[in-house]
Structure formats: C-alpha cells, structure tokens
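S.K.: this one's sequence-less:
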C-alpha cells in the first residue's frame, strides 16, 4: 500500500492555538499532529511512536464557519483546592469551527520503521473493521469533538485548500506535540487552492517526526 486517502467530516471542532490564554482561538484547519492522533485512534494504536515517520498531506474541502462560546474551563491555580473547584475553574471564551470536512492522505515515510505502515493499517481497517481493537469515540482534537464520517477517498479531480509547507507561511502548526516539555515540533504552512492530485502536491507532505536533538 503506497498511500491511502481518508475523507473525514466533523460537525464541530476546535484546534486550539497553544499560545492562546484568555480567548481560546482555533486554527482554521486541523494541524498534522492532530490528524495523526486521530488516525492512530482509528486503527486502535495507543503508542504514537509506533508510526513515527509516517507522512501526511491535508486538504480542506469545506470553509468552516466560526462561532464563539462561553464555557467553563479547568485550570490549576490553587493546589489547595480540588480540580474544577474555586479558583481552579473559570469561564473563558472559545472559538469553534462548524462543518469541518477534509482529506488526509497517508503514505509510508522513509523514517517509518514499523513493519506494517500506518497507511496499510488504515486500508485494513476499512476493508476489515472487525480486526480493529479500540476504545472510546473517534474524535478530532478534543474528546467531545466527535468524527461524524470517515471513509476512503478516491476522487482526484476535486479542488480544495491544501495545507502546503512554506517557510514564510501564515500558519505555524504543530507536527509533533510534547505536552510536558518543550519538544513540540512546529512547521510553517499556508492554505492554497489546488486540484487534489497528490502527485502534484509535493510540498503538501509532512513527516510526523519528533524534533531532532
């Protein structure tokens, strides 16, 4: 299996900008790290290093609508109070995207060392879903932002906004997230209208790798 295209739709989602604090902004599209995590969940893989090196390309088929909600968020401000209690909870505004539809192409990367590639496991999951052992709902980003539809994508003549690597691009997105330390890997991108023929989208592929030390 050289590569596979996966169509994904999510009714409501938020791809939180990590540096946002008082007002939780969202990226306009799912970052490569977020899509990779969703695909791992789909095949039931809990160790994200198993398919490190897999390559992903993303194209938006929709232009999601923005809305803002006021929600209660947990923070750790006072260690003497319980989680979600007192100063450890407060209202904050959060941006949401409605009608998120995109394609994720996945292929074996030169640094993906697992004998069975992520692309092969995704293909197998579509052909024989009973072989997948997983738990929980399939979500994109937050656990409440559940995927509505996921299926193989085979069209090649459609147009969409492709996430292209560009050194001076206006989107700085996470490729590998480190929630504990400072080893999150970032890359610069721009969304560009293109015909969705992957052989012509060489700048769209991202290798999911940790930062080099």
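M.R.: Ah, there it is. Keep in mind that what you see is a predicted model, and the values were worked out from it rather than measured.
S.K.: mind listing the strands for this protein?
M.R.: Secondary structure of the chain (DSSP state E): strands located at 3-13, 23-24, 55-60, 65-74, 89-107, 149-152, 159-165, 171-176, 185-195, 206-207.
S.K.: Of all those strands, which one comes closest to residue 31?
M.R.: strand 171-176 (4.0 Å; Cβ to Cβ). Any C-beta I mention is one placed from the backbone N, CA and C, and that applies to glycine too.
S.K.: If you count contacts, what does the closest one end up packed against?
M.R.: helix 32-43, strand 185-195 (3 or more Cβ pairs under 8 Å, 6 or more residues apart in numbering; DSSP states H and E).
S.K.: Residue 171: what's its closest spatial neighbour, skipping adjacent residues?
M.R.: Sequence neighbours aside, residue 189 is the residue nearest to residue 171 in space, at 4.5 Å (criterion: Cβ to Cβ, 6 or more residues apart in numbering).
S.K.: okay, and the helix or strand of this structure with the least pLDDT?
M.R.: Across the helices and strands of the chain, mean confidence by mean pLDDT, DSSP states H and E is lowest for strand 23-24: a mean of 78.
S.K.: Need the contact partners of that strand.
M.R.: Residues outside strand 23-24 that contact it (Cβ atoms under 8 Å, 6 or more residues apart in numbering): 14, 16-17, 73, 92-95.
S.K.: I'd like the residues you listed written out as CSV, with pLDDT and neighbour count added.
M.R.: Compiled in CSV, those are given as follows (pLDDT from 0 to 100; neighbours: other Cβ atoms under 10 Å):
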residue, pLDDT, neighbour count
14, 94, 20
16, 89, 16
17, 87, 16
73, 71, 13
92, 81, 16
93, 84, 14
94, 86, 18
95, 93, 18
